[in-house]
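A.B. asks: sequence and predicted model, in that order:
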Amino acid sequence: MTRFVLNKIKNGTCFGNHDKIFTRFILYMLIGMSDDSDDVTKISLQEMDETTSFWRKLVEGNRSSFEDSDATYVLRVSNSESFIYSFLPTALFMLLEDANNYFLERRIRVIMTFRIALQCLLRQTGGKGLIGLDAMIHAIVVMVCNYADDEEESIRNAAVMCAEVLGAETFFTRPALEILIPSVTSGMLPFIPRTGFRERASLASCLLVLGSLVRGVSGDLENTWIKHSFSFKICRVLTSPALMHMNSCQATMLALLSVCHTLVDIELKLNAMPDKIIADRINQVFKNEVTSSSMSFLEKSISTPDDEKDDKNTAEEKKIRCLSLLLCCLLLLGCPSDFKVWVPAYDFLQKLSLIFPQVVSGEELLDIHFCALVQNIISMSCRKDVENEKNIEVPGMSNRAVWEVNEPKLLCFDSLIRNCQSKTVGKHFEMVMPIFELHLGNGTKAQSEQSNIKPASIPVQLSILSLLETLFSDKACPQHLFQPFTVDLIENVLMPNLVWRVGGKASSLRKVTVASLYSLLRAGGATSRALCSVAPRLLPLLKSNLDDNDASTIQIVCLSLAMIFDNLPGMLGVEPVNHLYPDLIKCLDDSNDNVRFAAIKALKSFFVAASPCHFKGTVINYMSEQILIHMDDPNEKLQYACLDLLKAALKIDHGAVVKQVEVARVSHRSVFFCCELLQHASEVERLQDFA
């Protein structure tokens, strides 16, 4: 029908306002140009060219025939440069009315037609803008965001392509970003009447469109204003509380990763350009005309050319952008494994380091910004779960609540500690120490100022304790860096979690705590002075864990006790000796050989941790009697270990040990080890007499 009417116009038999006819025709041609068939696209382009030529002749021939009431129409047409330029706004409005159609094919056709229409507009207008189109940008952005949230992958892909076209021209990009940046924060898009679209789009869809929009900008380095205006704001928005707390949504995290990659691509391209070219292009952007609606936002967000000359401000903004991208990267690195984003996020971290020529790797970039990252993690907003939950005040962490499972703070902190160098954490351990005290204190020094304190959950404590164990066991980290904090670490972080509590989770917590203590002691992170200070309170707790049901926990406790005894030669009094020896001897009866060997090692160190006089009498008699029983064990390695242990016991009370050996020799299946021990005792006695 439209073609029939156009023929009547050509023949001069159709009179009146031809706007509706041309608008309908251009809409049909745009739909044809977006068709998958090459033949349909070719025919549509030919028809568009023919009608465009006819329309220009029609305007030139009939310009004087318009009445005064059509002055606005005449002005618009006379100033237009093309057929599309004149009728596209009305055609797009008509297309928007069908954008929320129920049928899948219709929705795909709408978004693809929009993409073609915008591409045609860019070619025809050269980015100078279009009268009436600025009012439509809000509706177009809402439509694209809703399409990006569609269940059908084909529609989402079409929305991404359309957003990239929007980003290819400053005229579209600025007001579109003005809508998207606050929408990413709130998840609420501006309400557009008569479109039928919902106001609330998912954060994933808003991020997806934002990334596609910026990707369109990155395709043309002429748009270098993105670096100096919206790039800074986009980076800050990416670390907004609303977005950071969407870490449980896989689609949102993947979209976040895409935006981060795009922003880094822009930085890398701009770094490769000479500064003079960038400055010239920035000045050129400011000379171009922009709409008043977008200018109101730009005046607040974009710097003037004079301001850009301030190297200090520029460096500060670059640092903030880098910190924001690093926080996003840490959040992505902490996502669940089934999201499958760890490897892409790690690759992004390495890619981000390329912005700074002096930085070798992503890990080094984390080291450089470690202090700033910790401060940013601490200052993040907490998840609002319980309204009456009170914050816990800790030195260096005033008014900060205990973290929860899967909270961005915890995930970012975990990723930071695991991916930066351990020596960097050690150098700045005073910054992270309050975090460990807060979540592992359980009402001790860190939380003693308040009575109503809800401790961190066991899963959170396990996560943070595992970080400590990782730090202490890293051989590349100089352990002397932890020595100033040893007493506080043991008393306020480790000891509260050594207390026996019922439940499997509590048992796991004790095991990780003991492992952390063992790693600290083995690496030399605890001095003799520090251990002497905490021993009266630490040893009873370790003793209580010798009755644990988990054999590996008992083994680690015994090994830890051995190292503590080695650092306290002759310092134990009679009371700790009397309390410890029965439980240590009892470990020799364990069914697990690893526990038995660890107990022998602890007993050997135990003999030198106190004065020999504290063992004389009942203690040494009972201990030597029990050790002799195990020296008759079928396990030959255990027999030799017990023989070595009894040789050490001879230094405490030679006569008592020899007497017990002579009695045991009668009942042993093999007298070899008893004879070996008696022979050694005779040699020791001769040496003592000779001395």
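C.D. replies: Noted; the coordinates are in hand. Residues are numbered from 1 along each chain as shown.
A.B. asks: I111 contacts I155, doesn't it?
C.D. replies: Yes: using Cβ atoms under 8 Å, I111 makes contact with I155 at a distance of 6.5 Å. (C-beta placed from N, C-alpha, C; glycine too.)
A.B. asks: so how far is the helix or strand containing S258 off the chain centroid?
C.D. replies: Here S258 sits within helix 250-271, counting by DSSP states H and E. Its chain's average C-alpha position is 14 Å from that of helix 250-271, according to Cα atoms, centre = their mean, to the nearest Å.
A.B. asks: related to what we said a few turns ago, which neighbours do I111 and I155 share?
C.D. replies: Common neighbours of I111 and I155 (criterion: Cβ atoms under 8 Å, 6 or more residues apart in numbering): Y147.
A.B. asks: who's more crowded, those two?
C.D. replies: Legend: neighbour count by other Cβ atoms under 10 Å for I111 and I155, higher for I111 (25 against 20).
A.B. asks: element containing the more buried one, please.
C.D. replies: Assigning secondary structure by DSSP H and E places I111 in helix 104-125.
A.B. asks: if we can go back for a sec, if you count contacts, what does the helix holding S258 end up packed against?
C.D. replies: Using 3 or more Cβ pairs under 8 Å, 6 or more residues apart in numbering; DSSP states H and E, the elements in contact with helix 250-271 are helix 203-218, helix 225-228, helix 230-238, helix 311-333, helix 342-353.
A.B. asks: next secondary structure after the helix holding I111?
C.D. replies: That would be, after helix 104-125 and using DSSP H and E, helix 137-148.
A.B. asks: average pLDDT across that following helix?
C.D. replies: What helix 137-148 shows for mean pLDDT is 79.
A.B. asks: tell me the angle the helix holding S258 makes with helix 137-148.
C.D. replies: Inter-element angle recorded for helix 250-271 and helix 137-148: 120 degrees (by axes from the mean of the first three to the mean of the last three Cα atoms, to 10 degrees).
A.B. asks: buried sites along helix 250-271?
C.D. replies: Neighbour counts over helix 250-271 (16 or more other Cβ atoms under 10 Å) mark 251-264, 266-267, 270 as buried.
A.B. asks: try stretch 533-551
C.D. replies: In stretch 533-551, the ones that count as buried by 16+ other Cβ under 10 Å are V534, A535, L538, L539, L541, L542, K543, N545, L546, D548, D550.
A.B. asks: and for that stretch, what are the contacting residues?
C.D. replies: For stretch 533-551, the surrounding residues in contact (Cβ under 8 Å, 6+ apart) are 487, 490-491, 495, 498-500, 507, 510-511, 514, 531, 553-554, 557-558, 560-561, 564, 568, 571-572, 576, 579-580, 583-584, 586-587, 590-592, 594-595.
A.B. asks: the spatially closest residue to V512 that is not a sequence neighbour: which element?
C.D. replies: Leaving out its chain neighbours, the residue that sits closest to V512 by Cβ to Cβ, 6 or more residues apart in numbering is L465, at 4.6 Å. Taking DSSP H and E as the definition, one finds L465 inside helix 458-473.
A.B. asks: name the next helix or strand downstream of that helix, please.
C.D. replies: Per DSSP H and E, the first helix or strand lying C-terminal to helix 458-473 is helix 486-488.
A.B. asks: sorry, back to before: let me see the mean pLDDT of the helix holding L465.
C.D. replies: Averaged across helix 458-473, the pLDDT comes to 92.
A.B. asks: pull the residues that contact it.
C.D. replies: With Cβ under 8 Å, 6+ apart, helix 458-473 has contacts from 402-405, 410, 413-414, 417-418, 422, 425-426, 435-436, 439-440, 456, 477, 479, 482, 489, 493, 497, 505-506, 508-509, 512-513, 515-516, 519-520, 522-523, 525.
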